[in-house]
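A.B. asks: Show me how the following folds:
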Amino acid sequence: MSNTLSDVFKIEELKKKILFTVLILAITRIGTVIPVPGIDPVVLKDYFLSQTSSSNIGLTEYLNFFSGGAFSNFSLFTLGVMPYISMQIIIQLLMLVIPKLKEWGQDADGRKKIQKVTRYGTIVVCLLQSFVVTVYARSIQSYGYDIITINLLPFTLISMLTVTTGTMVLVWLGEKITQKGIGNGISLLIFAGIVARFPSAITILVEGIADGSINWVSTIVVVVMFIIVVALVICEQEGERKIPVNYAKRVVGRKMYGAQSSYIPFKINPSGVIPVIFASAVLSFPLQIAGTLGSNVRWLQNLADWLNPQGAPYIIIYTILIIAFAFFYTQVSLNPVEMAKQIRDNGGSVPGVRSEKLEEYLTKVLNRIVLPGSLFLAFIALIPTIVQLIFGFPSSVAMLFGGTSLIILVGCELDMMKQVESVMKMHHHDGFMGVKKIKSKNL
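C.D. replies: I've put the predicted structure just below:
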């Protein structure tokens with residue numbers, strides 16, 4: 001392993017990618033602790049310390065989770081990248097009902113137009129959510145905590161502009177990581193926010209064990225469960241079913257190509273962490289609005305209470321959304337009709353399957369794979385709730401011992417390792433996995 005790590009920094013291209021990624025992530029972490037103009041950080045900290053036993057702290061922790069702690073700091077990056085992800089969901093759903101958008105998605109120029117529309121839409125979502133954040137800040141004033149140091153109108157305008165700009169800067173930085181760094185930039189920004197919360201979570205856990213509020217036996221059980229679940233998530237992320245495809249002899253120009261055998265790899269979880277991130281984005285949007293405006297609007301307060309992250313309605317809706325997004329994203333990224341058409345156009349066939357039944361067969365196989373994969377994703381996503389209810393762990397600790405955080409951490413890490421591995425192989429070096437690289441499970 002030490003030789004492999006030294007090889008990483010011997011490759012100039014890979015070294016630049018890694019250092020660039022680390023630099024961008026460091027910049028984003030600095031932005032999460034710089035408050036927006038007009039906020040008194042000392043008074044704000046006192047307010048959240050006084051709310052440690054309040055029911056609202058669960059919502060704050062939930063919103064902090066996706067912004068890397070930026071929400072409770074009222075920082076430049078308060079909203080994180082969730083508005084951008086929310087807008088991506090909206091655009092993908094609109095592509096199913098608007099033919100023009102679907103047409104754009106089929107060529108490079110059209111995809112650039114979709115990207116532009118997504119960015120403009122993100123600005124609209126940011127302005128709406130940033131206004132809600134300013135209303136939340138004003139509601140804190142009513143509790144006797146003067147966190148706003150300037151007049152309300154300038155504060156509202158400046159905060160909306162600052163927070164919206166902060167989110168768009170994050171999106172730009174994420175795209176730069178994707179282009180010049182290692183891994184998917186947007187996912188890595190969420191990854192960095194989760195990792196940054198580990199030290200404080202471990203501190204809370206140690207203090208809880210020391211004062212007796214957390215049972216040390218329960219802690220051991222949860223840690224063992226965490227290790228087992230990580231192993232299961234890796235197997236689930238890497239597992240795949242191979243569909244054999246045989247190609248007949250064919251003549252191209254003056255050359256004859258002999259029969260070939262290949263396969264289509266169908267992963268157990270083709271969509272990776274996307275369903276969990278999408279489901280969380282869909283729920284975080286109404287939760288943020290309901291939680292921040294609830295003190296002024298009664299029915300919004302009732303909605304926020306009803307959508308409590310530890311409540312049955314939230315768990316049911318969250319599970320359904322994960323399963324639905326898993327099927328939706330799989331159908332978008334792996335279209336059985338298009339795959340069957342490509343196989344037939346290239347003179348291919350699947351053994352034991354008639355040509356006219358190929359779409360039906362591929363759809364059947366995909367559904368059989370995606371259903372258990374999506375159910376497993378939903379189960380992993382609900383682990384923090386289980387840990388909180390059964391073992392009595394604080395929400396800030398429980399959210400890091402499983403659920404969305406675990407899936408994102410494992411998924412992003414595997415993606416980064418594969419990219420590093422491919423660059424090292426190109427330069428004739430052994431990768432992190434060497435000859436014992438991660439193998440896919442045949443189902």
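
A.B. asks: so what's the residue positioned nearest the centre of the chain scoring on pLDDT?
C.D. replies: Of all residues in the chain, the one closest to the mean position by Cα atoms, centre = their mean is residue 277, 3.8 Å from it. What the model reports as pLDDT for residue 277 is 73.

A.B. asks: Identify the residues contacting it.
C.D. replies: Each residue near residue 277 by Cβ atoms under 8 Å, 6 or more residues apart in numbering is listed here: 85, 187, 190, 404, 408. (C-beta placed from N, C-alpha, C; glycine too.)

A.B. asks: Apart from its chain neighbours, what residue comes closest to the second one?
C.D. replies: If I follow you right, that is residue 187. Excluding its sequence neighbours, the residue lying closest to residue 187 (Cβ to Cβ, 6 or more residues apart in numbering) is residue 412, at 5.1 Å.

A.B. asks: Which strands or helices does the strand or helix carrying that neighbour pack on?
C.D. replies: If you go by DSSP states H and E, residue 412 is part of helix 403-426. Secondary-structure packing of helix 403-426 (3 or more Cβ pairs under 8 Å, 6 or more residues apart in numbering; DSSP states H and E): helix 2-8, helix 12-31, helix 185-196, helix 216-238, helix 274-293, helix 358-381, helix 383-391.

A.B. asks: and the lengthiest helix in the chain, how far from the chain's centre?
C.D. replies: As assigned by DSSP state H, the longest helix anywhere in the chain is helix 108-141. Relative to the centre of its chain, helix 108-141 is centred 18 Å away, using Cα atoms, centre = their mean, to the nearest Å.

A.B. asks: Quick check: mean pLDDT of it?
C.D. replies: For helix 108-141, mean pLDDT rounds to 87.

A.B. asks: circling back to that earlier point, okay, the contacts of residue 277 in TSV with distance to residue 368 and neighbour count next?
C.D. replies: TSV is the format used below for these (distance: Cβ to Cβ, whole Å; neighbours: other Cβ atoms under 10 Å):
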residue	distance to residue 368	neighbour count
85	29	25
187	27	23
190	30	27
404	25	25
408	26	22
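
A.B. asks: Turn the residues you listed into JSON lines, columns for pLDDT and distance to residue 202.
C.D. replies: Below are the contacts of residue 277 laid out as JSON lines (pLDDT from 0 to 100; distance: Cβ to Cβ, whole Å):
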{"residue": "85", "pLDDT": "85", "distance to residue 202": "28"}
{"residue": "187", "pLDDT": "83", "distance to residue 202": "23"}
{"residue": "190", "pLDDT": "85", "distance to residue 202": "20"}
{"residue": "404", "pLDDT": "70", "distance to residue 202": "19"}
{"residue": "408", "pLDDT": "78", "distance to residue 202": "18"}
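
A.B. asks: Arrange those residues in TSV, one row each, with distance to residue 224 as further columns.
C.D. replies: Formatted as TSV, these follow (distance: Cβ to Cβ, whole Å):
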residue	distance to residue 224
85	33
187	28
190	26
404	21
408	21
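
A.B. asks: Comparing the helices and strands packed on helix 403-426, which yields the minimum mean pLDDT?
C.D. replies: Ranked by mean pLDDT, those bottom out at helix 2-8, which scores a mean of 63.

A.B. asks: What are the structural domain limits within this protein?
C.D. replies: For the chain, automatic domain parsing gives the domain ranges 1-196, 200-443.

A.B. asks: re earlier: report the angle between the helix holding residue 412 and helix 216-238.
C.D. replies: 50 degrees (axes from the mean of the first three to the mean of the last three Cα atoms, to 10 degrees).

A.B. asks: residues of helix 403-426 that come out buried?
C.D. replies: Neighbour counts over helix 403-426 (16 or more other Cβ atoms under 10 Å) mark 403-412, 414-421, 423-424 as buried.

A.B. asks: got it, and stretch 189-198?
C.D. replies: Burial within stretch 189-198, assessed by neighbour count using 16+ other Cβ under 10 Å, is assigned to 189, 190, 191, 192, 193, 194, 195, 196, 197.

A.B. asks: got it, and stretch 24-36?
C.D. replies: If you call a residue buried by 16+ other Cβ under 10 Å, then stretch 24-36 has these buried ones: 24, 25, 28, 29, 31, 32, 34, 35, 36.

A.B. asks: outside of it, which residues touch it?
C.D. replies: Contact with stretch 24-36 is made by 41, 44, 67-70, 73-78, 158-159, 162-163, 166, 169-170, 173, 176-177, 181, 185, 188-189, 192-193, 196, as judged by Cβ under 8 Å, 6+ apart.

A.B. asks: Would you mind giving the helices and strands packed on helix 403-426 as TSV with distance to residue 99 added?
C.D. replies: Shown next, in TSV, are the helices and strands packed on helix 403-426 (distance: least, Cβ to Cβ, whole Å):
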stretch	distance to residue 99
helix 2-8	47
helix 12-31	38
helix 185-196	27
helix 216-238	34
helix 274-293	23
helix 358-381	21
helix 383-391	41
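
A.B. asks: between those, which one is nearest to residue 134?
C.D. replies: Nearest to residue 134, of all these, is helix 274-293, at 9.1 Å by Cβ to Cβ.

A.B. asks: For the following helix or strand past that closest one, list the C-alpha coordinates in CSV.
C.D. replies: As assigned by DSSP H and E, the chain's next helix or strand after helix 274-293 is helix 298-306. As requested, the backbone C-alpha atoms of helix 298-306 are provided in CSV (Å, rounded to 0.1, in the frame of the first residue of the first chain):
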residue,chain,number,x,y,z
ARG,A,298,-50.1,27.3,11.7
TRP,A,299,-50.6,24.7,8.9
LEU,A,300,-46.9,24.9,7.9
GLN,A,301,-46.0,24.1,11.6
ASN,A,302,-48.3,21.1,11.5
LEU,A,303,-46.7,20.0,8.2
ALA,A,304,-43.2,20.3,9.8
ASP,A,305,-44.3,18.2,12.8
TRP,A,306,-46.0,15.7,10.5
